[in-house]
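# structure, please.
(2 chains)
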Amino acid sequence: MSTVIKGIGASPGIAIGPAWIYRPIKVEVRTISNSDPITEQLRLDSALMESKKQLEDLHIRTLAMVGEEEAAIFQAHAMVLEDPEFIDTVKKIIREKRINAEPAVQEGVEHYANMLLALEDEYFQARAQDIQDVGRRIIQCLSGAGKGQNTNPPFPVVIAAEELYPSDTVQFDKKVILGFCTIKGGPTSHVAIMARSLGVPAIVSAPFVLEEIEEESILIINGGDGTVVIKPDENEIRTAKKNQQDLEDKSAVQFASTHEPAVTTDGVAVEIVANIGSADDARIAVEYGAEGVGLLRTEFLYMDRTALPTVDEQIKIYREIFEAMGDRPVVVRTLDIGGDKSVPYLGLQKEDNPFLGWRAIRMVSERPEVLEQQFSALLQAGEKSDLRIMIPMISNIDEVINAREMLEKVKEYLLRKGIPVPQKLQYGIMVEVPSAVMQVSEISDYVDFFSIGTNDLTQYTVAVDRGNERVANLASPFHPAVIRLIHKTITDAHAKGKWVGLCGEMAGDPLAAPLLLGLGLDEFSMAHTSIPCIKYLMRMLDKSECEKIAIEALTLPSIAAVKNYMIEINRKMDIC
Amino acid sequence: MPEVNLTVQHPSGLHARPASVFVKTASQFKSNVRVVYGEKDINAKSILSVLTLGANQGANITIKAEGEDSDQAIQALTELIESNFGEGG
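The predicted structure is shown next:
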């Protein structure tokens, strides 16, 4: 008998393959007294070398699979392995206590970790974790646990886990990953982002029990509807295979035409752009047919450091991204960070409600230099670009006016100094907070465009923490209240002649496309993997038809009613 | 034994990237290189020791070296700190 578990589809596609259960390795440290110091010191040396090799491997793999910032973590770990004081401390413990290397490493690690923890700054707390992580790695190498078991699947598998961290996911060889399913995590968790960038399906928040999955028994995961099938029967496998084949055929067809524009059957051109977070993303987005960038996230510039990035550092990074996009438009979201992240130098503190707290534009009154410097760097780097700057987390009109004044001042200052700024500069805001929706009309007097962030707009409208898997299913952008807010945003903005984009997950959802097109959305910004499908879809749609669909959808009373209606439309039109 | 007094100007202090660049530079020399800050006197080739110094922006530190290439070591580390770890002003 098969078991079907319903989770949240976090990356599209169907995977069928043997299950491979990932459990982080736990190694117990046993102390063996009267050990031979010379032998133990030699064992330590070879474990250090083995760890170093592993870290070099991880560094390269992370660089290739994720990016520079994440990869740097493993370089920092490698430095600890070469630290002469650390090695001396451990060897001294081995000699003086005549114990085996494992507990000596543990003691040495704790010694330094405690010193770092005593410095009472979040930066040092994170470094203490780093050295503990390195310690675990050395101990694993010493006990041989790092070899063979749980390092990398030997053949293509569907990876099942409680939860996957970036350092877990990057260690897998790309070629052996058919897909991911995890018990924890939301659609915006690391594993989801990773799966989308690899182009493999992923299911998160799936309430299965790891013990009930037999190693290497077949799993079917469907990123489209979020189902995980444990031990499927013959029929289920056949159906899944057929659907998988259809999907692959479809995506090959879609990809072949992805560099053509997305024009509806009644001749309306729709802008299809990408959400990105690095220069690598920018290059991939162009390959997938992105006509520009609808959301460049900039938080990565500020993470994992102890001081603000300098203007010059920022310019260098932005310039690389802008160059990759050429003359295509790039919408940059200014820093969107809050108490859910640990960035001590920004003055962020742990808050009970970080998503309702001191974050994004709300930091500007206390720390104006952060935004000023970001504006300055963007204007300087984007001299030749079609640059559009947008401010996240706007909840009132003063924030819109003040940030705009700051941008103008920075621009004037640069011009006075003879530094060129972009000729085609646009200023806009993110619509994520319901209070902003209610004032789109007034805000229109100060902006060139709006971009709706449906992930946050949904979370703030229905009062659901989208990282909390027990309530995540309540947070659907198909909630009638959310689609009515989207409708109001577009209607009010268009009445003032402003364009509207949407950069949440919804923009890349084939189910939502006819609805959003019908509501009059001008720009759809999505993960690059969704671009071929949505472009293909747009070419099959008739905008005036979709307007009727949208009017009907706006009358429906529940998430289920809206979703079912869109599924029916989808089926009728035989799309995606 | 040559030594030099310097002020750390980098906003990150002797942490994060500056700390790793500093340790990597010190490790290129054969000499025994040490950093003195307040009451602490530590091995400049040890990243963990440098981090636990807690030298923030504006910290006055002393670098001393002993060995055949001690002058070169002092010179290289001085240049590193004075050039703000290669990041310019």
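
# tally of neighbours for the residue of the stretch 251-400 of chain A found nearest chain B?
Closest to chain B within the stretch 251-400 of chain A is residue A:307: 3.6 Å, counting by Cβ to the nearest Cβ. Backbone N, C-alpha and C define where each C-beta goes, glycine included. Residues near residue A:307, counting by other Cβ atoms under 10 Å in any protein chain shown, number 18.

# contacts only, for it.
Contact analysis of residue A:307 by Cβ atoms under 8 Å, 6 or more residues apart in numbering or on different chains lists A:345, B:10-12, B:16, B:57.

# now residue A:530: closest residue in space that isn't a chain neighbour?
What sits nearest to residue A:530 in space, not counting adjacent residues and going by Cβ to Cβ, 6 or more residues apart in numbering or on different chains, is residue A:508, at 3.2 Å.

# show me what the helix or strand hosting residue A:332 is packed against.
Assessed by DSSP states H and E, residue A:332 sits inside strand A:329-333. Here strand A:329-333 touches strand A:293-296, helix A:311-325, strand A:386-391, going by 3 or more Cβ pairs under 8 Å, 6 or more residues apart in numbering or on different chains; DSSP states H and E.

# low-confidence ranges in chain A?
Applying pLDDT under 70 to chain A flags the ranges A:25, A:65-67, A:69-70, A:120, A:122, A:145-151, A:165-167, A:187-190, A:574-576.

# residues from it in reach of chain B?
Listed as neighbours of chain B in chain A under the rule Cβ under 8 Å from any Cβ of the partner chain: A:75-76, A:79-80, A:82-86, A:112, A:115-116, A:119, A:123-124, A:127, A:131, A:304-308, A:310, A:312-313.

# what subset of those residues is buried?
By neighbour count, with 16 or more other Cβ atoms under 10 Å in any protein chain shown, these hold A:76, A:79-80, A:82-83, A:85-86, A:112, A:115-116, A:123-124, A:127, A:131, A:304-308, A:310 as buried.

# narrow the residues you listed to those in helices?
Among those, the ones falling in helices (DSSP state H) are A:76, A:79-80, A:85-86, A:112, A:115-116, A:123-124, A:127, A:131.

# distance of the spatially most central residue of chain A from residue A:137?
The centre of chain A sits closest to residue A:193, judged by Cα atoms, centre = their mean, with a distance of 4.3 Å. Going from residue A:193 to residue A:137 by Cβ to Cβ, to the nearest Å gives 25 Å.

# tell me which residues are up against the helix or strand bottoming out on mean pLDDT in chain B.
Lowest mean confidence among the helices and strands of chain B (mean pLDDT, DSSP states H and E): helix B:16-27, at a mean of 90. By Cβ under 8 Å, 6+ apart, the surrounding residues in contact with helix B:16-27 are A:75-76, A:79, A:82, A:123, A:304-307, B:8, B:10, B:12, B:14, B:33, B:44-47, B:50-51, B:73, B:76-77, B:80-81, B:85-86.

# tabulate the CA atom coordinates of that helix in PDB.
Provided in PDB are the C-alpha atoms of helix B:16-27 (Å, rounded to 0.1, in the frame of the first residue of the first chain):
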ATOM      1  CA  ALA B  16      36.100  39.100   9.400                       C
ATOM      2  CA  ARG B  17      38.100  39.600   6.200                       C
ATOM      3  CA  PRO B  18      40.800  41.900   7.700                       C
ATOM      4  CA  ALA B  19      41.600  39.200  10.300                       C
ATOM      5  CA  SER B  20      42.000  36.500   7.700                       C
ATOM      6  CA  VAL B  21      44.100  38.700   5.400                       C
ATOM      7  CA  PHE B  22      46.200  39.700   8.400                       C
ATOM      8  CA  VAL B  23      46.800  36.100   9.500                       C
ATOM      9  CA  LYS B  24      47.500  34.900   6.000                       C
ATOM     10  CA  THR B  25      50.100  37.700   5.600                       C
ATOM     11  CA  ALA B  26      51.800  36.900   8.900                       C
ATOM     12  CA  SER B  27      51.900  33.200   8.100                       C
END
